[in-house]
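In: Model the following, please.
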Amino acid sequence: MMQKIIEINKMLTQSLDLEQVLRNMIVAAKDLIEVADTLIIYLHDDSTNTLYFAEGEGVDKEIMKNISFSPGESIAGKVFKDRTSKLFQTEDEIDAFMENMEEENFQNYFDGVYQRKIKSVFCVPILNKDQCYGVLVVDNFKEDGVFNTNDLQLIDWVADLSAIAIDNASVYQRLKLRNDQLSQSFMIHNQFYHLIMEGDGIEKILLLLNRMTNSTIQFTDYVHSETNVYPIQRGRETLGYFILEKPFDEYKPLDKIAIEHASMTVALELMKESALYEKELHFREEVFNQIIEGITEEELERMMRYYNWEHNRKIKCVIMERRAGFLWGTNRLTDKERFVRKVEEIINGITGSPAFVLTRMRQLIVIIPNGTEEEFQYLIDRIQTSLAHVKGLVVGIGRDTSPYNLSLSYQEAKRSIDYAKSNPNRSVVEYQKLGLERILYEVDPSIANRYIEDKLNKLLVLDTNMVDTLKQYIELNKSHKETAQALHIHPNTLYYRLRKVEEVLMIDLNNEKDWLDLVIAIQLYVASYKN
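Out: Numbering: from 1, shown residues only. I've put the predicted structure just below:
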């Protein structure tokens, strides 16, 4: 007997493979308890908190795999929960312990033991320190009370040794799995690293990622919903997102590693593209500065060839700006690039030719090839619609000109943007469509200030609200009804204010000369940014 115990001890501790450890456990128990008809090992699944069939002898293993005991359910569940070995001497005691077995589990168990009724049974927990891995059940279907405490103690000993072996096998399997994952991770890293070196762009990265994960994963700059997305980040900055087929947690471990590596690779690619694009924008700004500051005809010819500008085609300058702040976000590296690219995409899609877009301070400047009035108006409408989220967007548009006179169109666009910023009701101003304002903007500031003082000073000292009322009254072409509605005041209040203006300035608003003088003074006041 002692020799047998030594051999069993050696057998139970020699393997680090879990399946072999369980098989050895069955062999050892069968060798020690010869009257056993069936031997069953149930192991605990931590993820589901249930006991499942792991190995056995004398049973239909395929049917037994359908069993899933909860802790406290039937003999196996109760022994697992109590962590105490149990020997059953009578059928009544056995039936009492098995009566809470779920119907589906009972049917699978009954069919799994070939529809035999248990006569004798004992069950021992597989314990090591504070960890219970499962239970070992030994059944006999022929005689009552065939097992005794000596049998129980022998199988307890087998279970204790097996628990240590299971623990060692589990540690080994975890280390092996981690090592395999590290090896796979290194291989995945190398494949994405080669893509970075080859510089094939985001499309190739996605192709590799989709092949690795056997799924369809897409890249996007923005998302409207955070469902099934994986953020691509650089520090605290989110550069974009992967749109996944399912929640990230549902992917296999290696697929998660692939997604993480792909995310880092895309982040590097985006940063590289952003740095190159920033250099391109800086170059465009330098080119533009040279053009408007004056360069030789030969240099201009070279630039026109580089940007495919036609000699006989007119161009115009368009400036976009916000009444306050930047057009693009300043917190993220890619915000400026995305904003400029978006405008480029709109213009190129409509004009069919590459737009010359650059940034200068807080402004976005666009040089647009001249087309029909309808095409240009459609283009401006599209830009306004696409940038509707930009609060306080104003657009100034210069006149058509040749590339040689681009600086003239730029100055006109600047004056237009200034006028738009000084008029809350004007978001798009075309210099060509300005009337008296064009002349007033050319007036010497000192002359303009004296004129404003002569014509409006008494009113400004009295109440600046009167000036705001006059501005609205002029813009709405002297319509009392529309002016009162725009100012949200009663028509009688408007009438009182207009009479007060006449009284303070000693003018008659129905007198043509007085009216013209007043309109000029108000326009100069607006142009001087005193509003």
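In: So residue 362 sits against residue 328, correct?
Out: No. Using CB atoms under 8 Å as the test, residue 362 is too far from residue 328 to be in contact (9.3 Å). All C-beta atoms are positioned from the backbone trio N, CA, C, and that covers glycine.
In: do you know how far the nearest residue to residue 164 once chain neighbours are set aside is from residue 327?
Out: Among residues not flanking residue 164 along the chain, residue 128 sits closest, at 5.4 Å (CB to CB, 6 or more residues apart in numbering). In this structure, residue 128 and residue 327 are 66 Å apart, going by CB to CB, to the nearest Å.
In: re earlier: which one of residue 362 and residue 328 is surrounded by more residues?
Out: Taking neighbours as other CB atoms under 10 Å, residue 362 and residue 328 compare with residue 328 leading, 19 against 13.
In: surely the more buried one meets residue 336?
Out: Yes. Between residue 328 and residue 336 there is a contact under CB under 8 Å: 4.6 Å.
In: SS state for residue 44?
Out: strand (DSSP: H, G, I helix; E, B strand; the rest coil).
In: got a list of what it touches?
Out: 50-51, 71, 80, 132-134 (CB atoms under 8 Å, 6 or more residues apart in numbering).
In: same thing with residue 436?
Out: Counting by CB under 8 Å, 6+ apart, residue 436 has contacts 519-520, 523.
In: Helix or strand: which one has the nearest residue to residue 462 once chain neighbours are set aside?
Out: Closest residue to residue 462 apart from its sequence neighbours, by CB to CB, 6+ apart: residue 504 at 5.7 Å. Per DSSP states H and E: residue 504 is located in helix 491-505.
In: Which parts of this structure are strands?
Out: Remark: strands assigned in the chain by DSSP state E are 38-45, 50-57, 68-69, 86-88, 120-128, 131-140, 218-220, 229-234, 237-243, 315-322, 356-360, 363-369, 393-397, 428-430.
In: Now render these as a markdown table, adding distance to residue 420 and mean pLDDT.
Out: Shown next, in a markdown table, are those (distance: least, CB to CB, whole Å; pLDDT from 0 to 100):
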| stretch | distance to residue 420 | mean pLDDT |
| --- | --- | --- |
| strand 38-45 | 69 | 93 |
| strand 50-57 | 70 | 94 |
| strand 68-69 | 72 | 94 |
| strand 86-88 | 88 | 91 |
| strand 120-128 | 79 | 90 |
| strand 131-140 | 74 | 91 |
| strand 218-220 | 33 | 90 |
| strand 229-234 | 36 | 87 |
| strand 237-243 | 33 | 86 |
| strand 315-322 | 8 | 91 |
| strand 356-360 | 17 | 89 |
| strand 363-369 | 12 | 89 |
| strand 393-397 | 4 | 92 |
| strand 428-430 | 4 | 90 |
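In: out of these, which comes closest to residue 350?
Out: For these, proximity to residue 350 was assessed by CB to CB; strand 363-369 is nearest, at 9.5 Å.
In: Can you tell me the strand partners of the closest one and which way each runs?
Out: Sheet pairing for strand 363-369, assigned by DSSP bridges, gives strand 315-322 (antiparallel), strand 356-360 (antiparallel).
In: can you pull the buried residues of the first one?
Out: Pointing back at strand 315-322 there. 315-322 (16 or more other CB atoms under 10 Å).
In: what do you get for stretch 123-140?
Out: Neighbour-count burial for stretch 123-140 [16+ other CB under 10 Å]: 123-128, 132-140.
In: CA-only coordinates of that stretch in PDB, if you can.
Out: Output of stretch 123-140 as PDB, limited to C-alpha atoms (Å, rounded to 0.1, in the frame of the first residue of the first chain):
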ATOM      1  CA  CYS A 123     -17.600  13.900  -2.100                       C
ATOM      2  CA  VAL A 124     -14.500  15.800  -1.200                       C
ATOM      3  CA  PRO A 125     -13.500  19.400  -2.000                       C
ATOM      4  CA  ILE A 126     -10.300  20.100  -3.900                       C
ATOM      5  CA  LEU A 127      -8.600  22.600  -1.600                       C
ATOM      6  CA  ASN A 128      -5.300  24.300  -1.500                       C
ATOM      7  CA  LYS A 129      -4.900  27.000   1.200                       C
ATOM      8  CA  ASP A 130      -7.900  29.200   0.900                       C
ATOM      9  CA  GLN A 131      -8.700  28.300  -2.700                       C
ATOM     10  CA  CYS A 132     -11.400  25.700  -3.500                       C
ATOM     11  CA  TYR A 133     -10.900  24.500  -7.100                       C
ATOM     12  CA  GLY A 134     -13.900  22.100  -7.200                       C
ATOM     13  CA  VAL A 135     -14.900  18.700  -5.900                       C
ATOM     14  CA  LEU A 136     -14.300  15.000  -6.600                       C
ATOM     15  CA  VAL A 137     -17.300  12.700  -6.400                       C
ATOM     16  CA  VAL A 138     -17.100   8.900  -6.000                       C
ATOM     17  CA  ASP A 139     -20.300   6.900  -6.700                       C
ATOM     18  CA  ASN A 140     -21.400   3.300  -6.400                       C
END
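In: that older thread, by neighbours, which of the contacts of residue 436 wins?
Out: residue 523 leads the contacts of residue 436 on contacts (other CB under 10 Å) with 23 neighbours.
In: distance of that residue from residue 269?
Out: Residue 523 is 52 Å from residue 269, by CB to CB.
In: can you list the weak-confidence ranges in this protein?
Out: The chain contains residues with pLDDT under 70 at 1-15, 145, 307, 331-333, 529-531.
In: Which residue ranges make up each domain of it?
Out: Here the domain parsing of the chain from automatic domain parsing is 2-174, 199-293, 312-434, 445-527.
In: would you list the contacts of residue 436 in TSV and tack on distance to residue 275?
Out: Below are the contacts of residue 436 laid out as TSV (distance: CB to CB, whole Å):
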residue	distance to residue 275
519	52
520	51
523	46
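In: which one among those gets closest to residue 420?
Out: residue 523 (14.1 Å).
In: Apart from its chain neighbours, what residue comes closest to the closest one?
Out: That would be residue 440: by CB to CB, 6+ apart, it lies 5.0 Å from residue 523.
In: since we're on that neighbour, how many residues are nearby?
Out: Neighbours around residue 440, by other CB under 10 Å: 22.
In: and what of residue 190?
Out: There are 11 residues near residue 190, going by other CB under 10 Å.
In: try the one 5 residues further on
Out: By the criterion of other CB under 10 Å, residue 195 has 22 neighbours.
In: And it, how far from residue 184?
Out: 17 Å.
In: got a list of what the nearest residue to residue 514 once chain neighbours are set aside touches?
Out: Nearest non-adjacent residue to residue 514, counting by CB to CB, 6+ apart: residue 507, 4.0 Å away. Counting by CB under 8 Å, 6+ apart, residue 507 touches 501, 514, 517-518.
In: quick one on the thing from earlier: got the buried residues for the helix holding residue 504?
Out: Those would be 494, 497-498, 501, 505, for helix 491-505 by 16+ other CB under 10 Å.
In: Among these, list the two that are farthest apart in space.
Out: With CB to CB as the measure, no two of these lie farther apart than 494 and 505, at 16.6 Å.
In: Compute the inter-axis angle for the longest helix along the chain and strand 120-128.
Out: In the chain, with assignment by DSSP state H, the single longest helix is helix 149-198. Angle, helix 149-198 to strand 120-128, by axes from the mean of the first three to the mean of the last three CA atoms, to 10 degrees: 50 degrees.
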